[in-house]
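S.K.: structure, please.
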Amino acid sequence: MKLTWYIKRLKVMGLRETVHRVYEQLSLQWLRIQQSRRKFVEPDPSSFSFCAGSQAQLPTLQWDRHANREKASSLLAGQWSALGFGWQWQSAGDWRRAPDTGSLWPDVFFGAIPYRQGNPYGDIRVAWEPSRLQQLVSLALLAQDDASRETAVRCFEQQLLSWVKSNPPYLGIHYVSAMECGLRLIAVCHATDMIRPYLQNSERVWSAVLQLVEGHADLIIKRLSLYSSAGNHTLAETAGLIYAGVLFPELNNAAKWKRVGLPLFEREADRQFNQDGGGIEQAFGYHLFVTDLANIVSALLASKGQPSATVQRIVDQACEFLSELFNSEFELPNVGDNDGGYALSPYLLSSKQLAKPRDGIRTFPDSGYSVFRDTSETGRMILFDHGPLGMAPSYGHGHSDCLSIIWREKNETLLLDAGTYTYTGDQRWRQYFRGVSAHNTVAVNHRHQARHESAFMWSAPYTPCLLDLPSRIDGYDVLLAYHTGYEDQGLRHYRCVIIGPEGDALVWDQLAALGPVGSETYASLFWHVGGQFLSENEDGGVFSTSTTSGAALNIDITGGDITVHYGDEDVPIGWHSPTYGEKLPIYTVEARHSGIFPHEFYTYISPASATISDHKKDQFETVLEKLRSYI
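M.R.: Next up is the predicted model:
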């Protein structure tokens, strides 16, 4: 398995990167030798400006303090969510314990630990979560309240000192990822800055902070994610270098950390954020993650009189993009990979704002999304994904979801994306959740729209295209797009979305034949349904769903034989992962056509309990006929 992975990685690496990787491996062995000889000399915290002051050194950020207080009892008991698994700090060994399996990860040099898929310990991403130390930020927020201050400060000091003592550089899994080191460094800086007036063991705490910052920054700069690995990891790593370089200028390598970190952060942010505010990873959870990183870096630099116009421009554009997607609870549609991670804290509000109410469609052409919203009481949002697979060359966090639709009413998602569930766990589930059959789109022969290579690698990416046509026809909002993912099978998938003035819609799919099509070829249209599902006329393809909040949809499908799936372990199909590590059964409707192509599917969707009338269907057909001329 390891050899296969290396072969696939080599395919996306050029000569320069290959040389860099060889050098990186040699450096790793030298680091291993250095680690055995490394001795940390405790500096005097009073000689460091960040440690010595009694006033906050970092800019004030916006926090959801109410939501943080709601978790007070668990936080003060040392509990923290580990991506769907419970975790509680009790002793030094807990930092190595796998929340998903209970196993202990090895306490050896990080480069010698097997952590990829098939390792005997568990999902390393789950084990990393508590050691991001972002719970310290929450404890620091609780320390602002008189009632919880004493316990919060005690828990804060115990956990921070325990982590530093239990994880000397560079032993254990928490040094495997330079990104994790960057996030941990940032969290510790913010948390300690907020709690500084209340520390009971300030000298020990500041000494631990200095040891962590210096050890982490020295490692990060040696192990930056570059070339084909450049992505959100690079932004987290360079953000850590910026924090270390700006806040601790007295450390020997501080100038180098900033000199390397800041221009690389600006360059990568400019590459990873599109001009329309979206992200090239095609994963909304990660887009909020990197937007938060850019936001706090911009705030830090501005507070020190060193503003970055590049980073602030990116923040402004990204926040506007996200504002179109948030519901009133600041939840995003579950597009692309999402492991539930945060740049600093789930309670950070700096990048969260709501767009002004509007009616109609707004398209983000660079990122490949169109968002229909209206000013009705339902807060309706319909998202049409006509974007690319993800960030080249590996497309690691993208899903095979082109032309998929997500439909939200009253803050609740009624036509949903199945989610992520796992990265390095059971690869059968990894393939399902990132694959085409887990999304509201069409599959041909149950094949993905691109070629699945590994847990974080696709090849043979499709090309999407949103056709240039009037945004409204006869008072109807219209979108028409296609992708090339099935052209090797002789078919091109077109999807047209027509939204009526009353909020109902026609989703029309055409599998256009580009040449001879195999006689055994079949196409499957999938709809993944949230809420309380009801089969009104299964043979006729009529279904409905509703929620306790009063949100409802009626779905009327024609064009294929109907099968309703629910929590099928064998295929698999009919599953939803609302958060990483969690898997719940849901209803998935499949309409399958076999035989002659070209072929069309019709799906009429009404935001009510009643089906769309024949008269309305005729009106939709009239608009559709005008759109056919664009194909």
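S.K.: I'd say Pro388 and Gly278 touch.
M.R.: No - contact criterion Cβ atoms under 8 Å: Pro388 and Gly278 do not qualify, at 10.8 Å. To be clear about C-beta, it is placed using only N, CA and C from the backbone, and glycine gets the same treatment.
S.K.: so which strand or helix has Ser138?
M.R.: Assigned by DSSP states H and E, Ser138 falls within helix 135-142.
S.K.: same question for that helix, mean pLDDT?
M.R.: When pLDDT is averaged along helix 135-142, the result is 98.
S.K.: same question for stretch 85-92.
M.R.: 86.
S.K.: pull out the buried residues from it.
M.R.: Within stretch 85-92, the residues scored as buried using 16 or more other Cβ atoms under 10 Å are Phe85, Trp87, Trp89.
S.K.: what sits against Leu183?
M.R.: Applying Cβ atoms under 8 Å, 6 or more residues apart in numbering to Leu183 gives the contacts Arg132, Gln134, Ala236, Gly240, Ala343, Leu344.
S.K.: so it is in which element?
M.R.: If you go by DSSP H and E, Leu183 is part of helix 178-195.
S.K.: report the mean confidence score over that helix.
M.R.: Computed over helix 178-195, the average pLDDT equals 99.
S.K.: ok, now stretch 279-286?
M.R.: Across stretch 279-286, pLDDT averages out at 98.
S.K.: and what of stretch 238-248?
M.R.: For stretch 238-248, mean pLDDT is 99.
S.K.: what's that stretch in contact with?
M.R.: Stretch 238-248 has contacts (Cβ under 8 Å, 6+ apart) with 48, 50, 57-58, 181-183, 185-186, 189, 210, 213-214, 216-217, 220-221, 224, 251, 254-262, 264-265, 268, 293, 296-297, 300-301, 304, 306, 343.
S.K.: could you write me a PyMOL select line covering just the buried ones among those residues?
M.R.: To isolate in PyMOL the members of the contacts of stretch 238-248 that are buried, counting by 16+ other Cβ under 10 Å, one can use:
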select buried, resi 48+50+57+58+181+182+183+185+186+189+210+213+214+216+217+220+221+224+251+254+257+258+260+261+262+264+265+268+293+296+297+300+301+343
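S.K.: need the overlap of contacts for Pro388 and Gly278.
M.R.: Counting by Cβ under 8 Å, 6+ apart, the residues touching both Pro388 and Gly278 are Gly368.
S.K.: between these two, which one's more packed in?
M.R.: Higher neighbour count among Pro388 and Gly278: Gly278, with 24 against 19, using other Cβ atoms under 10 Å.
S.K.: need the contact list for that one.
M.R.: With contacts defined as Cβ under 8 Å, 6+ apart, Gly278 is in contact with His287, Ala318, Phe321, Phe364, Asp366, Ser367, Gly368, Tyr369, Gly387.
S.K.: starting at the chain centroid, how far to stretch 53-61?
M.R.: Computed by Cα atoms, centre = their mean, to the nearest Å, the chain-centroid distance of stretch 53-61 equals 30 Å.
S.K.: which parts of that stretch are buried?
M.R.: The neighbour-count criterion (16+ other Cβ under 10 Å) identifies Gln57, Leu58, Pro59, Leu61 as the buried residues of stretch 53-61.
S.K.: you'd agree Phe265 is in a strand?
M.R.: No - under DSSP: H, G, I helix; E, B strand; the rest coil, Phe265 sits outside any strand and is assigned helix.
S.K.: could you point out which element follows the helix holding Ser138?
M.R.: Downstream of helix 135-142, the next assigned helix or strand under DSSP H and E is helix 146-166.
S.K.: pLDDT (mean, whole number) over that following helix?
M.R.: Averaged across helix 146-166, the pLDDT comes to 97.
S.K.: cool, and stretch 355-363?
M.R.: Mean pLDDT, stretch 355-363: 94.
S.K.: for stretch 334-344, same thing?
M.R.: 96.
S.K.: where in the chain is pLDDT low?
M.R.: For the chain, the stretches with pLDDT under 70 are 1-11, 20, 36-40, 92, 609.
S.K.: what residues does the helix or strand where Thr603 lies touch?
M.R.: Assigned by DSSP H and E, Thr603 belongs to strand 599-606. Residues from elsewhere that reach strand 599-606 (Cβ under 8 Å, 6+ apart): 407, 415, 442, 504-511, 523, 525, 527, 553-560, 591, 593, 611-612, 616-617, 620.
S.K.: may I have the strands that pair with that strand, each with its orientation?
M.R.: Note on strand 599-606: by DSSP bridges, its sheet partners are strand 505-513 (antiparallel), strand 552-558 (antiparallel).
S.K.: that strand: how far from the chain's middle?
M.R.: In terms of Cα atoms, centre = their mean, the centre of strand 599-606 is set 30 Å apart from its chain centre.
S.K.: now swap in stretch 530-537 and tell me
M.R.: 29 Å.
S.K.: which parts of the stretch 301-450 of the chain are helices?
M.R.: Counting by DSSP state H, counting those that start in this stretch, the segments of the stretch 301-450 of the chain that form helices are 309-323, 427-434.
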